[in-house]
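J.: Got a sequence here, can you model it:
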Amino acid sequence: MSSILIHSATLVNENRTFIADVYIKNGLIEQIAGTIDRKADKVIDGRGLHLFPGCIDDQVHFREPGLTHKADIFTESRAAVAGGITSFMEMPNTVPNTLTQELLAEKYEIASRTSVANYSFFMGAGNDNLDEVLKTDPKTVCGIKVFMGSSTGSMLVDNEKTLEGIFSQAPILVAVHCEDEATIRENTANFKALYGDKLTAGMHPQIRSAEACYKSSSFAIELAKKHNTRLHILHISSALETHLFENSIPLSEKRITAEACIHHLWFSDKDYDKKGNWIKWNPAIKSGEDREAIFNAVLDGRIDIIATDHAPHTMEEKSQPYIKAPSGGPLVQHALIAMLQFYDQGKISLEKIAEKMAHHPAICFQIEKRGFIREGFWADLVLVDLSRPTEVTRENILSKCGWSPFDGLIFSSSIHTTIVSGRIAYENGKVTESGIGERLMFSR
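T.: All right, here's what the predicted structure looks like:
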């Protein structure tokens, strides 16, 4: 399909909401105007619908290679486009861990054949692969991922000399998972001594505590300031950490940025009684006060991006006792409509959602010609219906794991159509094509 005309949609873009037509040709947005009278291979009636720039998720775990019983690039990119996410950046704790340029290239090759969404992959840092990390191409790779706290997998970087080398020499953005390992191990030992086999998910935010997050995040920021590193701290989960960030300069000038995730904005520790391991994430979902502080930091600009940390595990894995159950869960299919629910509740504007889920990821990572509805940019777009509800059921979940932390919930909005690089990826409840995603490129 070479051309698409969207008629009379309400565009949400660059802090404006207005009705316009959009003409797409050969993958790019060619014209935006009040009325466009041109022939197109496909015409979409956008009346009553809101047109957003496609969401860019800067933190997902699609599990390929090595863990494809949980998920793979094809299944999870399908779920992503069904949720209005047109581009993703995937993490290196696959099997084997993405610690060499050769393994990184293999993931790109898989995505080039199977991904329904646009894609990029982080190069993984370990304690002994600095030479490989420094070979990373800034123009074709989104960033370097450092686990400054162990999570799913075995990629903890705790060698101070290695950390100094990464922060002082990294050619591109360094994204970090921040939890202090020594604090978590001490907390775990204390709770095991007290409760033995009776540990529950409700203890997770005390074991993986706010103090552990703050200690690690503040250390990462100290390193970044020392070396002028381009640092991006992922999944802020505590009120304490929000005070580490500023909103005094434009995002494009920031050297230190931060991300909030859907689950930390939606759930609180009160939900563990009902949800248990199904909302067990690292870093942990913490108190209602932490959730409110994170939301406020998103609104006032101290936190720059909203992402998912989509990290599927099988139902069997998540059904194990707390101490054995892995952390993480699927979110890409419902992230945008979850944020639209907050809009429906009067907590956030449509323009701010577009900013945090599309504009800012594009600016933060310097992505070429994506993240905005602009003439000459790639046509990554999502039409949403704010008046058509979506019920989350096991039957309509597209992630391979087959469950969602939102199981049974009815959202007030729905995804109508998703366009990826100028091609229809999702329409009328169905993913319509596979392998149409393009590799993200970066202006660095």
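J.: how near is the residue nearest to Val420 when sequence neighbours are not counted to Arg78?
T.: In space, and not counting its chain neighbours, Val420 is closest to Thr86: 4.9 Å by Cβ to Cβ, 6 or more residues apart in numbering. Quick note: C-beta positions are derived from backbone N, CA and C, even for glycine. For Thr86, the distance to Arg78 (Cβ to Cβ, to the nearest Å) stands at 12 Å.
J.: Contacts only, for the closest residue to Gly124 other than its chain neighbours.
T.: Using Cβ to Cβ, 6+ apart and skipping residues adjacent in sequence, the residue nearest Gly124 is Pro92, 3.0 Å away. Neighbour list for Pro92: Thr98, Leu99, Leu104, Phe121, Phe122, Met123, Gly124, Lys145, Met155 [criterion: Cβ atoms under 8 Å, 6 or more residues apart in numbering].
J.: low-confidence ranges in the protein?
T.: Judged by pLDDT under 70, the chain has its weakly predicted residues at 1, 149-154.
J.: So in it, which helix runs the longest?
T.: Scanning the chain for the longest helix, with DSSP state H as the assignment, gives helix 210-227.
J.: Give me the contacts around that helix.
T.: 148-149, 163-164, 167-168, 174, 176, 178-180, 183-184, 187, 229-231, 233, 236-241, 244, 255-256, 283, 286, 290.
J.: one step back: just say helix, strand or coil for the residue nearest to Val420.
T.: When classified by DSSP: H, G, I helix; E, B strand; the rest coil, Thr86 comes out as strand.
J.: ok, it - contacts?
T.: The contact partners of Thr86, taken as Cβ under 8 Å, 6+ apart, are 54-56, 80, 117-118, 370, 380-382, 418-421, 425.
J.: Could you rerun that using 6 Å?
T.: By Cβ atoms under 6 Å, 6 or more residues apart in numbering, the contact set of Thr86 is Gly54, Ala117, Asp380, Val420.
J.: Quick check: nearest residue in space to the third one, chain neighbours excluded?
T.: Just to be clear, that refers to Asp380. In space, Asp380 is closest to Gly54, 3.5 Å off (Cβ to Cβ, 6+ apart).
J.: List the contacts of that neighbour.
T.: Listed by Cβ under 6 Å, 6+ apart, the contact set of Gly54 reads Thr86, Asp380, Leu381, Val382.
J.: Out of the residues you listed, which comes closest to Lys274?
T.: Comparing those against Lys274 with Cβ to Cβ places Val382 closest, at 30.6 Å.
J.: Can you point out the buried residues in the helix or strand where that closest one lies?
T.: Taking DSSP states H and E as the criterion, Val382 maps to strand 381-385. Residues of strand 381-385 classed as buried: Leu381, Val382, Leu383, Val384, Asp385 (neighbour count, 16 or more other Cβ atoms under 10 Å).
J.: Just the buried residues of stretch 192-209, please?
T.: Judged by neighbour count (16+ other Cβ under 10 Å), stretch 192-209 contains these buried residues: Leu199, Ala201, Met203, His204, Pro205, Ile207, Arg208, Ser209.
J.: Nearest to Leu398 among the residues you listed?
T.: Distance to Leu398 across the buried residues of stretch 192-209 (Cβ to Cβ) is lowest for Ala201, with 25.6 Å.
J.: Please verify my assumption that that closest one contacts Gly276.
T.: Yes - counting by Cβ atoms under 6 Å, Gly276 is a contact partner of Ala201 at 4.5 Å.
J.: Apart from its chain neighbours, what residue comes closest to Gly66?
T.: Val95 (2.6 Å).
J.: Wait, a helix at the one you found?
T.: No - counting by three-state DSSP, one finds Val95 to be coil, located in no helix.
J.: do you know how far it is from Phe147?
T.: 15 Å.
J.: Who has more neighbours out of these two?
T.: More crowded of Val95 and Phe147, by other Cβ atoms under 10 Å: Phe147, with 27 against 13.
J.: Confirm that one sits in a strand?
T.: Yes - assessed with three-state DSSP, Phe147 lies in a strand.
J.: hey, where'd the strands end up in the stretch 51-200 of the chain?
T.: Under the criterion DSSP state E, counting those that start in this stretch, the stretch 51-200 of the chain contains strands at 55-60, 85-90, 118-121, 123-124, 144-148, 174-178.
J.: Measure how the first one sits relative to strand 144-148, angle-wise.
T.: Note on geometry: by axes from the mean of the first three to the mean of the last three Cα atoms, to 10 degrees, strand 55-60 and strand 144-148 are set 50 degrees apart in direction.
J.: Show me how far strand 55-60 is from its chain's centre.
T.: On the basis of Cα atoms, centre = their mean, to the nearest Å, strand 55-60 sits 3 Å off its chain's mean C-alpha point.
J.: Name the residues of that strand that are buried.
T.: Across strand 55-60, burial judged by 16+ other Cβ under 10 Å covers Cys55, Ile56, Asp57, Asp58, Gln59, Val60.
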